[in-house]
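J.: Sequence and predicted structure below; questions after.
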There are 2 protein chains.
Amino acid sequence: MKVGLLCPVWFPVPPEGYGGIERVVAILADGLVDAGHEVTLFASGDSQTRARLDAVFPDAPSEWIGHTFWEMRHAVHGLKRSREFDVLNDHTGLLGLALGGLLDLPFCHTVHGPLEGLPGALYDDVLDLAPRAKLISISMNQRAPRLGFPWIANCPNALDLSMYPFRRKSGGDYLLFLGRMSPDKGAHRAVAVAMEAGLPLKIAGKMREPKEQAYFAEFVEPHLGDGIEWLGEVSHGQKVELLQHARATLFPIEWEEPFGLVMIESMACGTPVIATARGAVPEVIQHGRSGVVVDDYRLIPAALEEADRLDPRELRRYVEERFSPLRMVRDYVKAFELAVARARA
Amino acid sequence: MKVGLLCPVWFPVPPEGYGGIERVVAILADGLVDAGHEVTLFASGDSQTRARLDAVFPDAPSEWIGHTFWEMRHAVHGLKRSREFDVLNDHTGLLGLALGGLLDLPFCHTVHGPLEGLPGALYDDVLDLAPRAKLISISMNQRAPRLGFPWIANCPNALDLSMYPFRRKSGGDYLLFLGRMSPDKGAHRAVAVAMEAGLPLKIAGKMREPKEQAYFAEFVEPHLGDGIEWLGEVSHGQKVELLQHARATLFPIEWEEPFGLVMIESMACGTPVIATARGAVPEVIQHGRSGVVVDDYRLIPAALEEADRLDPRELRRYVEERFSPLRMVRDYVKAFELAVARARA
């Protein structure tokens, strides 16, 4: 199959630090090539891929993130070449969806964000304009606020497991929080859990935007010290090291997280995740096998011993089974075949 | 005729300070209503118009200027309603052009910016995707780099002349530069002219972006003092006052300026403009009647006396004749009729 993959252009594929979508698209591009497909990846020129790379920008224009002019140049360049492919799979967001959905071609758009509130309303409007567009979800929960959208497949994210070596021996002594500095993600709830449990906590994540900085300053920074440590944005190597030595990873979200890559990263390293039952959590963690799912973050301290009892090798096997690149690539190929068939019909 | 006008959403219509496009759209909306058409204006909620205002945002989201998410919300909202109109006229830029051009409806897009370099290349790509789109230019010179585009009309900008009262008595003693702090616009060339002529110079304009600040600090600021004065961004009232009392307005551009509203603002106040013959200058100024056009900015000092000899009342008449709202509205109505006819054909 000739596949065009349109990735967001703000970070290279794969990204060095932050960039969950770019990480998933990197795996998808390489996996499709390995499965014998002819893949063109539209991404910034500093990307690394086994697909053919077509880049408008030599370097990812990260400083222009979210700006129409840059996004248009990139998206329109990919869309212009769309007739060369059997299917075009867009990961860029609403601009790619609107333009691709209006063109008469086999096109499917992967929804990476949540569909509640404003983004959901904008999806409503765009699909109103471009009703032929076809959508791929990354969890079934993500669809909940918009079950009537033109979904054609559910393709949960995957990990390149070779980048998460399994070297776990015994449980570490600290709790770990990895995530953006945002009330949704809940670093402040992780702090409360650590204080309650009397355990050290390491916090790492993105804090670039003014909102993230304000949240950090008000809700996280005052509690630092006494075993609660802020590490800033860490590299992939540091992240893996942190995961390998943690007692448990905390995922105390209070929003409808559409996936939650950190959970599978942690389980791949053999480190159990204790998470609140929101968003895709119950789809990503098999409670009692690969992690512990609680109804309220206040129940996390009491769940620590249950997490300690989980078998790290079983966690690794679970991720290999459910979140391998091979599985994701198979899901996407099925989705592409469906998109082609629907476009013909 | 039922007309939808899609304006950029970053500033209210009309704008308080900077915002040339919003100023022109304000005149067009009111003028079309006065001519008996049924007009819906898509703009921010803090706009003032005689048309029906439809606003996604209660206040202009100026702090998000250029961001896809905000622009998409606004543009998609207007486009969703497009079937209610006989014609939709877009002033937003490439996003509106791409989406509107892909929809099957009478749609025309006014090009407000230049078509050279990167913007031109992006217009190429977008029109490749949406070849049915129809374009309106604001000067014939603007078309020069892309004569093959699907132009349907040339509709030069207009002024609300009641906002530029003609109160000129005798020529003032200072030169005036009004414009963004950018090398293209040439505040530094105005400084050189004032120094050469030994005359005071007042400079006013937008200096918000880092690039504008850097240009100002390096090329303008060092020359302040000794009669060369920086006034910052001025209100409409201050601008008119400055124009009414200037000896001449300098327009020493060195780029393909697609229109140049300042020139007609100055002439409306009876103040002659001395401009370099680039971009639309020869279309906006009638050399020897409404201003003086020179080949090189170094020739401006020698042209001052020629400008002094021009009759201020004649300058005013010239603008009333060529750049009145009535003329612009007539041009646009003809363009809309053509867009409707072409869409039917």
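T.: Done, it's in.

J.: so the residue nearest to residue A:61 when sequence neighbours are not counted, which of the three states?
T.: Using C-beta to C-beta, 6 or more residues apart in numbering or on different chains and skipping residues adjacent in sequence, the residue nearest residue A:61 is residue A:70, 5.1 Å away. (Each C-beta comes from the backbone N, C-alpha and C, glycine too.) With DSSP: H, G, I helix; E, B strand; the rest coil as the basis, residue A:70 sits in helix.

J.: Residue A:53 - how many residues pack around it?
T.: Using other C-beta atoms under 10 Å in any protein chain shown, residue A:53 has 18 other residues around it.

J.: Next, the contact list for it, please.
T.: A:40-41, A:43, A:45, A:47 (C-beta atoms under 8 Å, 6 or more residues apart in numbering or on different chains).

J.: ok, and of these, which contact chain B?
T.: Taking C-beta under 8 Å from any C-beta of the partner chain as the test, chain B is in contact with none of those.

J.: Please tell me which one of these counts the most neighbours.
T.: Neighbour count (other C-beta under 10 Å) singles out residue A:43 as the most crowded of the contacts of residue A:53, with 32 neighbours.

J.: now the residue of the stretch 51-200 of chain A found nearest chain B, nearest residue through space, not along the chain?
T.: Per C-beta to the nearest C-beta, residue A:102 is where the stretch 51-200 of chain A lies closest to chain B, at 3.8 Å. Counting by C-beta to C-beta, 6+ apart, residue B:102 is the residue found nearest to residue A:102 once chain neighbours are left out, at 3.8 Å.

J.: Mind putting the contacts of residue A:53 into a markdown table with pLDDT and secondary structure?
T.: Shown next, in a markdown table, are the contacts of residue A:53 (pLDDT from 0 to 100; DSSP: H, G, I helix; E, B strand; the rest coil):
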| residue | pLDDT | secondary structure |
| --- | --- | --- |
| A:40 | 98 | strand |
| A:41 | 98 | strand |
| A:43 | 97 | coil |
| A:45 | 97 | coil |
| A:47 | 97 | coil |
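
J.: related to what we said a few turns ago, please list all residues in contact with the residue nearest to residue A:61.
T.: A:9, A:57, A:61, A:64.

J.: Measure how buried the first one is and give me the count.
T.: Just to be clear, that refers to residue A:9. Residues near residue A:9, counting by other C-beta under 10 Å: 29.

J.: next one: the last one
T.: Neighbour count for residue A:64, taken as other C-beta under 10 Å: 16.

J.: and the gap between it and residue B:96?
T.: Between residue A:64 and residue B:96 the distance is 20 Å, computed by C-beta to C-beta, to the nearest Å.

J.: Ok, the third one next?
T.: Spatial separation of residue A:61 from residue B:96 under the definition C-beta to C-beta is 22 Å.

J.: residues in chain A within reach of chain B, list them.
T.: Within chain A, the residues that sit near chain B (C-beta under 8 Å from any C-beta) are A:66-69, A:71-73, A:76-77, A:79-80, A:93-95, A:98-99, A:102-103, A:118, A:122, A:125-126, A:128-129.

J.: one more time with 7 Å
T.: Contact residues (C-beta under 7 Å from any C-beta of the partner chain) of chain A with chain B: A:66-69, A:71-73, A:76-77, A:79-80, A:94-95, A:98-99, A:102-103, A:122, A:125-126, A:128-129.

J.: Quick check, pLDDT for residue A:342.
T.: pLDDT for residue A:342: 89.

J.: how about the strands in the stretch 1-150 of chain A?
T.: Using DSSP state E, counting those that start in this stretch, the strands found in the stretch 1-150 of chain A span residues A:2-6, A:38-42, A:52-54, A:87-90, A:107-110, A:134-137.

J.: Let's have the ones you listed in JSON lines, adding distance to residue B:209.
T.: Putting the strands of the stretch 1-150 of chain A into JSON lines (distance: least, C-beta to C-beta, whole Å) gives the following:
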{"stretch": "strand A:2-6", "distance to residue B:209": "29"}
{"stretch": "strand A:38-42", "distance to residue B:209": "29"}
{"stretch": "strand A:52-54", "distance to residue B:209": "31"}
{"stretch": "strand A:87-90", "distance to residue B:209": "31"}
{"stretch": "strand A:107-110", "distance to residue B:209": "33"}
{"stretch": "strand A:134-137", "distance to residue B:209": "37"}
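
J.: Identify the residues contacting stretch A:6-25?
T.: Under the contact criterion C-beta atoms under 7 Å, 6 or more residues apart in numbering or on different chains, stretch A:6-25 has outside partners A:5, A:26, A:41-44, A:46-49, A:57, A:60-62, A:65, A:70-71, A:74-75, A:78, A:88, A:90-93, A:96, A:112, A:157-158, A:206, A:233, A:235, A:261.

J.: Leaving out the residues flanking it, which one is nearest to residue A:34?
T.: Residue A:34 sits nearest to residue A:50 (C-beta to C-beta, 6+ apart), 7.3 Å away.

J.: count of residues packed around the one you found?
T.: Count around residue A:50 with other C-beta under 10 Å applied: 14.

J.: By proximity to chain B, which residue of the stretch 151-300 of chain A wins?
T.: For the stretch 151-300 of chain A, C-beta to the nearest C-beta, closest residue to chain B: residue A:210, 10.8 Å.

J.: picking that back up, grab the two from the contacts of residue A:53 that are most spread out in space.
T.: A:40 and A:45 (13.8 Å; C-beta to C-beta).

J.: Backbone dihedrals for residue A:245, please?
T.: When read as degrees, to the nearest 10, the backbone of residue A:245 gives phi -110, psi 0.

J.: How about the contacts made by residue A:246?
T.: Residues near residue A:246 by C-beta under 7 Å, 6+ apart: A:172, A:174-176, A:271.

J.: want to throw these into CSV with distance to residue A:190 and pLDDT?
T.: Supplementary listing: the contacts of residue A:246 in CSV, determined by distance: C-beta to C-beta, whole Å; pLDDT from 0 to 100:
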residue, distance to residue A:190, pLDDT
A:172, 15, 81
A:174, 11, 97
A:175, 7, 98
A:176, 8, 98
A:271, 14, 95
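
J.: In strands, which of those fall?
T.: Among the contacts of residue A:246, the members found in strands (DSSP state E) are A:174-176.

J.: where do the helices sit along the stretch 201-345 of chain A?
T.: Taking DSSP state H, counting those that start in this stretch as the criterion, the stretch 201-345 of chain A contains helices spanning A:210-215, A:236-245, A:261-268, A:281-284, A:300-308, A:312-322, A:325-344.

J.: Would you mind finding the most buried of the ones you listed?
T.: Among these, helix A:261-268 has the highest mean neighbour count (mean count of other C-beta atoms under 10 Å in any protein chain shown), at a mean of 26.

J.: and the angle from it to helix A:236-245?
T.: 60 degrees (axes from the mean of the first three to the mean of the last three C-alpha atoms, to 10 degrees).

J.: Please compute how far helix A:261-268 lies from its chain's middle.
T.: Here helix A:261-268 is found 10 Å from its chain centre; the criterion is C-alpha atoms, centre = their mean, to the nearest Å.

J.: Now do it against helix A:312-322, angle only.
T.: Using the same axes, to 10 degrees: helix A:261-268 against helix A:312-322 is 130 degrees.

J.: so what secondary structure elements neighbour helix A:261-268?
T.: Where contact means 3 or more C-beta pairs under 7 Å, 6 or more residues apart in numbering or on different chains; DSSP states H and E, helix A:261-268 is packed against strand A:246-251, strand A:273-276, helix A:312-322.

J.: With mean pLDDT and distance to residue B:13 added, can I get those in CSV?
T.: Converted to CSV, the helices and strands packed on helix A:261-268 look like this (pLDDT from 0 to 100; distance: least, C-beta to C-beta, whole Å):
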stretch, mean pLDDT, distance to residue B:13
strand A:246-251, 97, 46
strand A:273-276, 98, 46
helix A:312-322, 96, 53
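
J.: Figure out which of these is closest to residue B:36.
T.: Checking the helices and strands packed on helix A:261-268 against residue B:36 by C-beta to C-beta gives strand A:273-276 as the closest, at 60.7 Å.
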